[in-house]
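A.B. asks: sequence first, predicted coordinates after that:
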Amino acid sequence: MLLEVKNLKVYFYTKRGIVKAVDDVNLYLDKGEIVGLAGESGSGKSTIGYAIMRLVPYPGKIEGGKIFFKGENILEIDEETFRRNYRWKKISMVFQGSMSGFTPVFKVKDQIIEVLRVHEWKGDYEERVRELFKMVNMDPSLADKYPHELSGGQKQRAFIAMALALNPEVLIADEPTTALDVIVQENILNLLKQLRKELNLSILFITHDLALLSEISDRDYILYAGKVMESGPSEIIFKKPRHPYTTLLIESIATLDKDMIKGIPGFMPDLSNPPKGCRFNTRCPFAKDICFKEEPKLKAFSDGDEVACWLY
Ligand SMILES: Nc1ncnc2c1ncn2[C@@H]1O[C@H](COP(=O)(O)OP(=O)(O)OP(=O)(O)O)[C@@H](O)[C@H]1O
C-alpha cells in the first residue's frame, strides 16, 4: 500500500459546535491506482484531501487516526520535514477551483519555477517547465502566458503540471473538472489516465459526479456525512451497488441523463449533531428500527465490496 488512511477523524471547532466532518474513515491507495472518493457536497471529501496534505484549515483539527505513506505515519513527522520532503514532493493536490489559484500578475512559467526554486529542484528550471507542459499535452510556449490568457481547460492542465513539478507519487485531484464544459472534462480525465500510465502515478479522485467517476476509477469510496458507507471495485460500485445511498446516487445520474435533476430527497444531517445509528437513516427508504439505534459496521463481501448497512 502506498497511502493508507486509518481511523481518520477531522473535526471543525465552530461557534455552532464541533462539526465531525470526517469521522473514523479508512481508505488506501496502491501504486498506479485511480481511486474515487465520492459523495454529496459536505460529505467530507475535500477535508480528507486536506488532511492527507496536512493542510486542514482553521478551525479544523485532525482529531485522531494515522496516515501512512509507504508505511510511515506522516502525521507524526515534524512540520518542517513534512514541508521539505513530503508535501508537493511525494503527495500533491489539485485543489477545488484551482484554476483560479494562479496569481494573475505573474506568468504561469514563473509560478511553476517558484515551486521548483522553493523546493530546491536540482536541474534547469526552464527545461523542467517545458517538460511538464509536454507531460500535460500543452505547447510549452503557453507557459509564457499570463493565467488570464489561457482557457479554463489550459489553466487546469497548467495547474496539474504545477502539482506534478516535483515528481510526486500521489496526486489528490479535488473536483478537477468542475466548471469545465463536457468535452474539456473528458480531456482532463484522459490526461489523468495518461499520467497514471506514464508516471505510474496514484490518483485520489475527489468528486460529487458519479458519472464522471465511473469513467476513470479502479476502486471507490462512497462517503456520507463523514463516514464511508460503501467501498469496492468500480465494477461493483457502479453495476451492483449494495448500499441504498450508493444506489440512490447512481440513480440520480440516470435521471440527469434525461435532463431531470432529481437528487436524493432530504438533507445531509447536521454534522455537529449527527443522528444516532446510521447517519443515512433520515433519508434511507429502507431504514428499520436498528438503523436508528446502532451504527452499522463495514461488512466485507467476497467480490471486494464493503458496506456499512443493516440490510446486510
Ligand atoms: N473551514 C471550515 N469551517 C467549518 N466547517 C467546515 C470547514 N470546512 C469544512 N467544513 C465542514 O466540514 C464538512 C465537510 O466539508 P468538505 O468540504 O470536506 O465536504 P465535501 O464533501 O468536500 O463537499 P464539497 O464538495 O462541497 O466541498 C461540512 O459539513 C463543512 O461544512
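C.D. replies: Perfect, I can see it now. The model shown is predicted, which means the values in this text are computed figures rather than measured ones.

A.B. asks: spell out which parts of the protein neighbour the ligand.
C.D. replies: Contact residues (CB under 6 Å from any ligand atom) of the chain with the ligand: 12, 14, 19, 21, 39, 41-47, 57, 59-60, 208, 271. C-beta coordinates here come from the backbone N, C-alpha and C atoms, glycine included.

A.B. asks: just say helix, strand or coil for the residue in the stretch 201-312 of the chain that the ligand sits nearest to.
C.D. replies: Using CB to the nearest ligand atom, Leu271 is the residue of the stretch 201-312 of the chain that sits closest to the ligand, at 4.6 Å. Classification of Leu271 using DSSP: H, G, I helix; E, B strand; the rest coil returns coil.

A.B. asks: what is the mean pLDDT for stretch 250-264?
C.D. replies: What stretch 250-264 shows for mean pLDDT is 66.

A.B. asks: before we move on, what about stretch 135-147?
C.D. replies: Averaging pLDDT along stretch 135-147 yields 96.

A.B. asks: now stretch 115-131
C.D. replies: Computed over stretch 115-131, the average pLDDT equals 95.

A.B. asks: helices or strands up against the worst-scoring helix or strand of the chain on mean pLDDT?
C.D. replies: Every helix and strand of the chain was ranked by mean pLDDT, DSSP states H and E. The lowest is helix 244-257, at a mean of 81. Other elements packing on helix 244-257 under the criterion 3 or more CB pairs under 8 Å, 6 or more residues apart in numbering; DSSP states H and E are helix 210-213, strand 219-224, strand 227-233.

A.B. asks: CA atoms only: put it into PDB for me.
C.D. replies: Output of helix 244-257 as PDB, limited to C-alpha atoms (Å, rounded to 0.1, in the frame of the first residue of the first chain):
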ATOM      1  CA  PRO A 244     -29.100   2.300  -0.500                       C
ATOM      2  CA  TYR A 245     -27.100   5.600  -0.600                       C
ATOM      3  CA  THR A 246     -24.800   4.400  -3.400                       C
ATOM      4  CA  THR A 247     -27.900   3.100  -5.300                       C
ATOM      5  CA  LEU A 248     -29.600   6.500  -4.900                       C
ATOM      6  CA  LEU A 249     -26.500   8.400  -6.000                       C
ATOM      7  CA  ILE A 250     -26.300   6.200  -9.100                       C
ATOM      8  CA  GLU A 251     -30.000   6.600  -9.900                       C
ATOM      9  CA  SER A 252     -29.600  10.300  -9.700                       C
ATOM     10  CA  ILE A 253     -27.000  10.100 -12.600                       C
ATOM     11  CA  ALA A 254     -29.500   8.200 -14.600                       C
ATOM     12  CA  THR A 255     -32.100  10.900 -14.200                       C
ATOM     13  CA  LEU A 256     -29.600  13.600 -15.000                       C
ATOM     14  CA  ASP A 257     -29.300  12.000 -18.500                       C
END
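
A.B. asks: what packs against the next helix or strand after that helix?
C.D. replies: Toward the C-terminus, helix 244-257 is succeeded by strand 299-300 as the next helix or strand (DSSP states H and E). Here strand 299-300 touches strand 306-307, going by 3+ CB pairs under 8 Å, 6+ apart.

A.B. asks: who are the packing partners of the strand it packs on?
C.D. replies: With contacts defined as 3+ CB pairs under 8 Å, 6+ apart, the packing partners of strand 306-307 are strand 227-233, strand 299-300.
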